[in-house]
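Participant: sequence and predicted model, in that order:
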Amino acid sequence: MNKFEQLGLNESLLLAIKDLGFENPSEVQEKAIPLLLEKDTDIVALAQTGTGKTAAFGFPLIQKIDAENRDTQALILSPTRELCLQITNEIKLYSKYIKGLNTVAIYGGASITEQANQIRRGAQIIVATPGRMQDMINRSMVNIKNINYCVLDEADEMLNMGFYEDITSILSDTPKEKSTWLFSATMPQEVARIAKEFMRKPLEITVGHKNSGNENVSHEFYLVSARDRYEALKRLADANPDIFSVVFCRTKRDTQAVAEKLIEDGYSAAALHGDLSQAQRDAVMKSFRGRQIQMLVATDVAARGIDVDDVTHVINYQLPDEVETYTHRSGRTGRAGKSGTSLVIITKSELRKISQIERIIKTKFEEKPIPSGIEICQIQLFHLANRIKDVEVDHEIDAYLPAIEEVLKDIPKEELIKKMVSVEFNRFINYYKKSKDITSEGNNRRETGVIPTDGAVRFFINIGSRDNFDWMTLKDFLRDTLDLGRDDVFKVDVKEGFSFFNTDASLAPKVMEVLNAFSLQGRKINVEISKNEGGSNSRRRDHNGRGGDKRSSGNFRGGDRNREERRYGGNERKSSDRKFESKKSGDGDRRGRRNDSGNSNGFFEKAKRSRRSN
């Protein structure tokens with residue numbers, strides 16, 4: 001007996017379930033379906049991405065809909081176009097044996113007029129993204145004032161994407177008597193606020209622990225020097241020859257740069273971020289689902305709604321600003337009962353985030369060393385041998401065998417095997433023979449002066465307004481270059497030939513190491529801990545003419561400014577007519593490329609726009 005039959009589903013749904021090959025309900029389905037069928041109630045269901053939540057609300061929703069009434073009876077809100085279409089397709093598959101039941105997808109990037117026409121023709125279930133739904137309500141193209149059911153799918157992701165106002169406005173346009181079903185992977189404050197404001201004594205279903213990670217996912221972190229981050233990514237890919245992964249970066253700029261570099265280095269990769277057109281996004285996702293792409297490099301926003309069951313690894317090239325976001329990232333692997341691995345590449349200054357994530361996901365990370373060149377070559381060699389052993393022979397080559405045997409007849413068997421393997425394997429041997437092993441961040445630290453261990457640290461850096469920086473663009477540059485959070489760089493003060501800035505003392509080793517290995521147009525950046533007293537524990541606003549560090553203001557005379565300018569002034573004066581272009585030594589991360597005109601201001605404007613939209 002199919003276990004779905006025990007949940008109270010009707011014959012039409014059971015036929016569809018049989019066609020789909022479903023045998024056993026997942027835990028969230030087992031808990032939610034009988035409850036939702038039994039009575040009209042509000043529920044909050046907390047379960048990880050990939051645990052079958054669409055069926056958990058989809059089956060009971062379909063069974064409760066009156067297919068003979070063509071009015072809109074249910075609204076499902078989801079965070080992205082991809083997820084909206086996916087839910088719509090699944091609902092249609094589940095309801096294939098129910099005559100007259102129509103489900104319509106409402107999302108941006110498609111004709112709003114055509115979508116409105118589909119609703120007018122009769123749509124008992126609407127699946128929508130919040131932005132497009134609010135737009136259609138404002139234009140009176142849709143009526144949800146009499147719906148019976150409202151489903152908020154991936155509620156935490158919708159709120160993380162900034163849809164709080166749209167969601168509350170949409171819910172305000174629905175009747176109070178409806179049943180609201182909220183499905184989410186985590187329960188941040190904003191989700192709790194939605195539940196409190198718009199739900200009536202909701203029942204709670206929890207699969208695993210609140211905010212916990214998927215039990216099918218193992219978590220590993222790799223401690224590296226900041227300059228070795230990209231090299232570490234390549235080694236992790238090489239150490240997993242069958243990798244099929246999503247690589248997460250924090251910004252669109254880093255996403256594009258990392259993807260381009262991977263492609264240049266021979267990897268099957270592509271970028272997915274908000275600057276792509278919808279057609280480009282669709283093409284990338286089609287290639288990824290078809291496994292023409294092994295490494296999809298994505299921002300968190302662009303990756304929302306990715307639903308591909310066979311992802312083997314999630315790689316956190318950079319950790320997210322919000323620790324809770326890690327739960328969604330790792331949920332891209334280990335889906336549909338399969339195992340997966342979430343890898344994190346971090347520097348020593350980020351170690352505290354690992355502990356924070358462990359507390360949220362209720363799972364411990366395993367620290368592992370980056371594989372050495374010898375280890376990777378061994379892995380690749382045996383992988384190649386197994387591929388040769390398992391390959392299916394196309395017998396169309398039989399006609400050519402006599403000629404091939406003639407060419408190879410004088411080569412002994414052992415030598416022939418070596419040559420066959422070397423055709424594919426030599427590039428690994430040649431590459432890793434020349435490369436150094438990657439050590440942890442602490443082992444390569446550049447010691448320049450004594451680094452404090454607490455409070456804030458004030459730094460001197462030998463770039464300033466002559467290099468086309470102001471306090472805001474320098475702060476952006478430092479945060480992006482150092483992979484820091486929004487508030488990790490503060491009290492930025494830009495002079496003509498040099499500047500000052502503050503970070504917490506815990507970040508000082510990273511600042512010294514990364515920036516002292518950085519060059520601007522071939523000129524080496526120099527960073528030192530300043531004796532300027534701006535490095536006190538208090539965080540005042542960045543110096544921009546209001547509330548900054550008066551000791552280092554433009555009217556400052558003598559002291560640090562004169563000493564620093566005498567020391568580095570010669571180099572600075574040569575930079576006045578240079579265009580801004582940075583090249584980070586060692587990792588190929590290619591930050592700070594000039595815009596087409598060569599004017600650095602265009603770069604910074606793009607950087608600011610990019611940061612705001614991510």
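Facilitator: Perfect, thanks for sending it.
Participant: ranges for the helices of the stretch 151-300 of the chain?
Facilitator: 155-160, 164-172, 189-198, 229-238, 252-264, 278-289, 300-303 (DSSP state H, counting those that start in this stretch).
Participant: ok now the first one, how far from the chain's centre?
Facilitator: Which is helix 155-160. Distance of helix 155-160 from the chain centroid (Cα atoms, centre = their mean, to the nearest Å) equals 14 Å.
Participant: which strands and helices sit next to it?
Facilitator: Counting contacts by 3 or more Cβ pairs under 8 Å, 6 or more residues apart in numbering; DSSP states H and E, helix 155-160 packs against strand 179-184, helix 189-198, helix 325-330. From N, CA and C alone the C-beta is placed, and that goes for glycine too.
Participant: just name the most buried of the helices of the stretch 151-300 of the chain.
Facilitator: Across those, the average number of neighbours (mean count of other Cβ atoms under 10 Å) peaks for helix 155-160, which reaches a mean of 25.
Participant: let me see the mean pLDDT of that helix.
Facilitator: Confidence over helix 155-160 (mean pLDDT, whole number) is 81.
Participant: list of residues touching that helix?
Facilitator: The contact list for helix 155-160, computed with Cβ atoms under 8 Å, 6 or more residues apart in numbering, reads 77-79, 130, 152, 167, 182-188, 190-191, 194, 300, 304, 322, 324-325, 328.
Participant: just put the helices of the stretch 151-300 of the chain in CSV and tack on distance to Val344.
Facilitator: Formatted as CSV, those follow (distance: least, Cβ to Cβ, whole Å):
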stretch, distance to Val344
helix 155-160, 19
helix 164-172, 29
helix 189-198, 25
helix 229-238, 10
helix 252-264, 15
helix 278-289, 22
helix 300-303, 14
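Participant: to Ile137, which of these lies closest?
Facilitator: Shortest distance between Ile137 and these, using Cβ to Cβ, is found for helix 164-172: 6.7 Å.
Participant: what's the burial count for the nearest residue to Asp307 once chain neighbours are set aside?
Facilitator: Across the structure, with Cβ to Cβ, 6 or more residues apart in numbering as the measure, the residue nearest Asp307 apart from its sequence neighbours is Gln86 (5.4 Å). Summarising burial for Gln86: neighbours were counted as other Cβ atoms under 10 Å, giving 18.
Participant: ok, now how distant is Gln86 from Phe183?
Facilitator: Relative to Phe183, Gln86 is positioned 14 Å away (criterion: Cβ to Cβ, to the nearest Å).
Participant: strands of the stretch 351-500 of the chain, start to end?
Facilitator: Counting by DSSP state E, counting those that start in this stretch, residue ranges of the strands within the stretch 351-500 of the chain are 366-367, 456-461, 490-494, 499-504.
Participant: what's the next secondary structure element after the last one?
Facilitator: Put plainly, it is strand 499-504. Moving toward the C-terminus from strand 499-504, the next helix or strand (DSSP states H and E) is helix 508-515.
Participant: so that following helix versus helix 229-238, what angle?
Facilitator: Between helix 508-515 and helix 229-238, the angle formed by their directions is 90 degrees, by axes from the mean of the first three to the mean of the last three Cα atoms, to 10 degrees.
Participant: mean confidence score for helix 508-515?
Facilitator: For helix 508-515, the mean pLDDT works out to 88.
Participant: which elements pack onto the next helix or strand after it?
Facilitator: Scanning the chain past helix 508-515 towards its C-terminal end, the next helix or strand to appear is strand 518-520 (assignment: DSSP H and E). Judged by 3+ Cβ pairs under 8 Å, 6+ apart, the packing partners of strand 518-520 are strand 582-584.
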